[in-house]
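[1] build the 3D model from these lines:
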Amino acid sequence: MPLSIAIAQFDPTVGDLAGNARAILALAEQAHAAGAGVLLTPEMALTGYPPEDLLLRPAFMRAVARTLRELAGSLRRLPGLALVLGHPHVPGASADERTPSTQRPLRWNAASVLRDGRIEATYGKLELPNYQVFDERRYFARGGEPVVFECQGVRCGINVCEDAWFPQAPGRAREAGAQVLLVLNASPFHLGKSGEREAVMRQRCRETGMALVFAHGVGGQDELVFDGGSFVLDAAGEPCLRAPQFEPCLPIVRFDGARPLPGELATPMSLHRQAWSALVTGTRDYVRKNGFPGVLIGLSGGVDSALVLAIAVDALGPGQVHTVMMPSPYTADISLEDARDMARRLGVRHSELDIAPMFEAFRATLRPLLREHEGDTTEENLQSRIRGVLLMGLSNNTGSMVLTTGNKSEMATGYATLYGDMAGGFAVIKDVRKTLVWELARWRNRQAAQAGLVEPIPQRIIDRPPSAELRPDQLDQDNLPPYEVLDAILEAYMENDRGVEDMLAQGLAAADIERVLRLLRIAEYKRRQAPPGVRITHRAFGRDWRYPITSRWREEAEARPARPGA
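    Here you go, the predicted structure:
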């Protein structure tokens, strides 16, 4: 019987060993019924990825070992099916072995072959990434001894994620006799990452002459999102199958010997659709996996909160979203009207709470102790903090989680209020620069119009100059460079590590660079206290950005030594 390989593109939950095992077994039953000889899961499918310091708990590792053996036993009723399962593993340890807490056991990021009730072999990951969001050397030791198993006359080798980004581990599998390379992945999403994966895997195929099956999960885990898009390449690196992004599925690829036969090729998503799908997926899974019944959003009539509302409704449905407008003496009538309009368009519950009496009470209480300062932000921040208190009060009462609405440009420059608009459980657009906020708002409206539906975001919200409305006639650009300039500096310096000289050569003004870098530096203490949010770029604040709060380093353009004879 020719080889068929099923790919388990599913959404595990970190730490839910029993739930993940049930999901994997259900997929195994479907794969077996469809005649597949192999079911390939993503990296760490049994535990979810990344389990982080759960891996340091001996009780957790013992539970993983027990669940692995139970799952292997369950495969007796699926004769002949080889399940290639990702999980953490302590070599040589039994399910009941207890390691003294003072000892660090050898631990692998592993993949095991389970078949006919047995664990046939276990492979330990060779390449351990320790950059961007990865911290695998904290938890794992290198493995790398090749594992090759036979199924339906074809010899399959195993690699885990980062292994296949470099030639060594695939080469070892080929030398050990593998004809097809199976790659288990938990590759966190960022814009454009799917194309990068296929390009690198194509190179591995051409180097080794092996076909490659790439299994990737879907779903959100705290800040990270996994976008699916599992694929199969032939020995020349040409795609034979590509699963859709952001959708659980069980694609099956059939082989003629060791050659994969053509299957369905999902169309790659545009960057805007990728971003939207990631934001929706990350929000939905954070809310649901953590057991919140719904969300609260402070709706201001501005584009940031409007975008967060549209994402939340796509993620959760209108019945789980409650918006609250909290006008102050500086809130324009147009903001009240636009917030009501958007809430009506999306069918969410909408409330209005006037904060003017509370604002006056706070000012009266503080007045004897306050010193006069021109341009003082005390009153501005009081309004924001009153709103934070009200939203958190509603959260305590209903159990719903507050979604904050600050964007990446604001998080970078500290244009946000601690314990005010930063108060909440999840920062949906924390990794979305302001210029992309506008692009996504327009994109979402176009999608609705093309489907013959009402545009979710009133055009006036998109077109209005942004304002925090915390003092008369306030505009964001009173305090910040134009967002096009600000975002260009952030992209160059924060995301791509380019220096001052490079930015000057790019045509950015020295005064703007100096201003933004200063704001970026002094806002570090705020970002440390911000809630987590969806990561959609290759460098987000949080896991990717680890700068000290207390630091006297100042980056400036470096003087170049004169050339000889100049």
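
[2] show me what contacts Trp165?
    With contact taken as Cβ atoms under 8 Å, 6 or more residues apart in numbering, Trp165 is in contact with Glu127, Val200. Just so you know, the C-beta spots here come from the backbone N, C-alpha and C atoms, and that holds for glycine as well.

[3] start the count at 757, not 1, going forward
    Right, with 757 as the first residue, what we last looked at is Trp921.

[4] any idea of the pLDDT on it?
    Trp921 carries a pLDDT score of 96 in this model.

[5] and it, how close does it get to Met966?
    Applying Cβ to Cβ, to the nearest Å, the value for Trp921 to Met966 is 15 Å.

[6] cool, Ser986 as well?
    Taking Cβ to Cβ, one finds Ser986 at 17 Å from Met966.

[7] now Gly927
    Taking Cβ to Cβ, one finds Gly927 at 10 Å from Met966.

[8] okay, those two: which has more neighbours?
    The neighbour comparison of Gly927 against Met966 (other Cβ atoms under 10 Å) goes to Met966, with 23 against 14.

[9] distance check, that one against Arg1198.
    Counting by Cβ to Cβ, the gap from Met966 to Arg1198 is 44 Å.

[10] go through this protein and flag its longest helix.
    Longest helix in the chain by number of residues (criterion: DSSP state H): helix 1134-1154.

[11] residues touching it, excluding its own?
    In contact with helix 1134-1154 (Cβ under 8 Å, 6+ apart) are residues 1049-1050, 1052, 1054, 1078, 1080, 1082, 1084, 1086, 1109, 1111, 1114-1115, 1118-1119, 1122, 1126, 1156-1158, 1173, 1175-1181, 1224, 1226-1227.

[12] what residues of it count as buried?
    1135-1144, 1146-1148, 1150-1151 (16 or more other Cβ atoms under 10 Å).

[13] following the chain past it, name the next helix or strand.
    Where DSSP states H and E defines the elements, the next helix or strand beyond helix 1134-1154 is strand 1157-1160.

[14] just the CA atoms of whichever helix or strand comes after that following strand, as PDB, please.
    Per DSSP H and E, the first helix or strand lying C-terminal to strand 1157-1160 is helix 1164-1169. Taking Å, rounded to 0.1, in the frame of the first residue of the first chain, the C-alpha atoms of helix 1164-1169 are listed here in PDB:
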ATOM      1  CA  LYS A1164       2.900  50.100  19.000                       C
ATOM      2  CA  SER A1165       3.800  53.700  18.200                       C
ATOM      3  CA  GLU A1166       2.200  54.800  21.500                       C
ATOM      4  CA  MET A1167       3.900  51.900  23.500                       C
ATOM      5  CA  ALA A1168       7.200  52.900  22.000                       C
ATOM      6  CA  THR A1169       7.000  56.600  23.000                       C
END
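
[15] so for this protein, which residue is the most central one in space?
    Leu980 (2.5 Å; Cα atoms, centre = their mean).

[16] surely it and Phe945 touch.
    Yes: look at Leu980 against Phe945 with Cβ atoms under 8 Å: they come within range, at 7.4 Å.

[17] need the overlap of contacts for the two.
    Counting by Cβ under 8 Å, 6+ apart, the residues touching both Leu980 and Phe945 are Arg1291.

[18] all strands of the stretch 957-1106 of the chain, in order?
    967-972, 974-977, 980-983, 987-989, 995-998, 1008-1012, 1015-1016, 1051-1054, 1077-1081, 1105-1108 (DSSP state E, counting those that start in this stretch).

[19] Serialize those to CSV and add fields for distance to Met1025.
    Shown next, in CSV, are these (distance: least, Cβ to Cβ, whole Å):
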stretch, distance to Met1025
strand 967-972, 14
strand 974-977, 13
strand 980-983, 9
strand 987-989, 14
strand 995-998, 11
strand 1008-1012, 21
strand 1015-1016, 23
strand 1051-1054, 25
strand 1077-1081, 25
strand 1105-1108, 32
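
[20] would you turn these into a markdown table with distance to Val869 and mean pLDDT?
    Formatted as a markdown table, those follow (distance: least, Cβ to Cβ, whole Å; pLDDT from 0 to 100):
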| stretch | distance to Val869 | mean pLDDT |
| --- | --- | --- |
| strand 967-972 | 14 | 98 |
| strand 974-977 | 24 | 96 |
| strand 980-983 | 23 | 96 |
| strand 987-989 | 19 | 97 |
| strand 995-998 | 22 | 97 |
| strand 1008-1012 | 18 | 96 |
| strand 1015-1016 | 20 | 96 |
| strand 1051-1054 | 42 | 98 |
| strand 1077-1081 | 45 | 97 |
| strand 1105-1108 | 51 | 96 |
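
[21] ranges for the helices of the stretch 757-906 of the chain?
    773-789, 814-830 (DSSP state H, counting those that start in this stretch).

[22] for the ones you listed, which one sits closest to Gly975?
    With Cβ to Cβ as the criterion, Gly975 lies closest to helix 773-789 of the helices of the stretch 757-906 of the chain, at 11.2 Å.

[23] pull out the buried residues from the closest one.
    For helix 773-789, the neighbour count (16+ other Cβ under 10 Å) marks Leu773, Asn776, Ala777, Ala779, Ile780, Leu781, Leu783, Ala784, Glu785, Ala787, His788 as buried.

[24] helices or strands next to it in the packing?
    Judged by 3 or more Cβ pairs under 8 Å, 6 or more residues apart in numbering; DSSP states H and E, the packing partners of helix 773-789 are strand 760-763, strand 794-796, helix 814-830, strand 838-845.

[25] and it with helix 814-830, angle?
    20 degrees (axes from the mean of the first three to the mean of the last three Cα atoms, to 10 degrees).

[26] how's the protein carved up into domains?
    The chain breaks down into these domains under automatic domain parsing: 760-1018, 1030-1283.

[27] can you tell me how far the closest residue to Tyr805 other than its chain neighbours is from Val981?
    Using Cβ to Cβ, 6 or more residues apart in numbering and skipping residues adjacent in sequence, the residue nearest Tyr805 is Ala942, 3.6 Å away. Separation of Ala942 from Val981 (Cβ to Cβ): 11 Å.

[28] the two: who's more crowded?
    For Ala942 and Val981, the more surrounded residue by other Cβ under 10 Å is Val981, and the numbers stand at 26 against 23.

[29] pretty sure that one contacts Phe945?
    Yes: the criterion here is Cβ under 8 Å, and Val981 meets it with Phe945 at 4.5 Å.

[30] overlap in contacts, the two.
    With contacts taken as Cβ under 8 Å, 6+ apart, Val981 and Phe945 have Ala1034, Arg1291, Ile1292 as neighbours in common.

[31] what sits closest to the second one if chain neighbours are left out?
    Computed as Cβ to Cβ, 6+ apart, the closest residue to Arg1291 that is not its neighbour in sequence is Glu979, at 4.7 Å.

[32] that neighbour: neighbour count?
    Counted with other Cβ under 10 Å, Glu979 comes out at 24.

[33] for Asp919, which residues are in contact?
    Lys881, Leu882, Glu883, Gly900, Ala925, Pro926, Val939.

[34] just to be sure, it is in a helix?
    Yes: under DSSP: H, G, I helix; E, B strand; the rest coil, Asp919 falls within a helix.

[35] separation between the closest residue to it other than its chain neighbours and Trp1301?
    Distances taken as Cβ to Cβ, 6+ apart put Ala925 closest to Asp919, at 3.6 Å, once the chain neighbours are dropped. Using Cβ to Cβ, Ala925 is found at 30 Å from Trp1301.

[36] where are the low-confidence patches of this structure?
    849-861, 1129-1131, 1222-1234, 1313-1322 (pLDDT under 70).

[37] rewinding a little: was I right to think the residue nearest to Arg1291 contacts Ile1292?
    No: taking Cβ under 8 Å as the definition, Glu979 is not a contact partner of Ile1292, at 9.9 Å.

[38] Provide a list of residues in contact with the nearest residue to Leu811 once chain neighbours are set aside.
    Distance criterion Cβ to Cβ, 6+ apart; nearest residue to Leu811, sequence neighbours excluded, is Tyr895 at 4.6 Å. By Cβ under 8 Å, 6+ apart, the residues touching Tyr895 are Glu808, Leu811, Leu812, Pro844, Arg863, Asn865.
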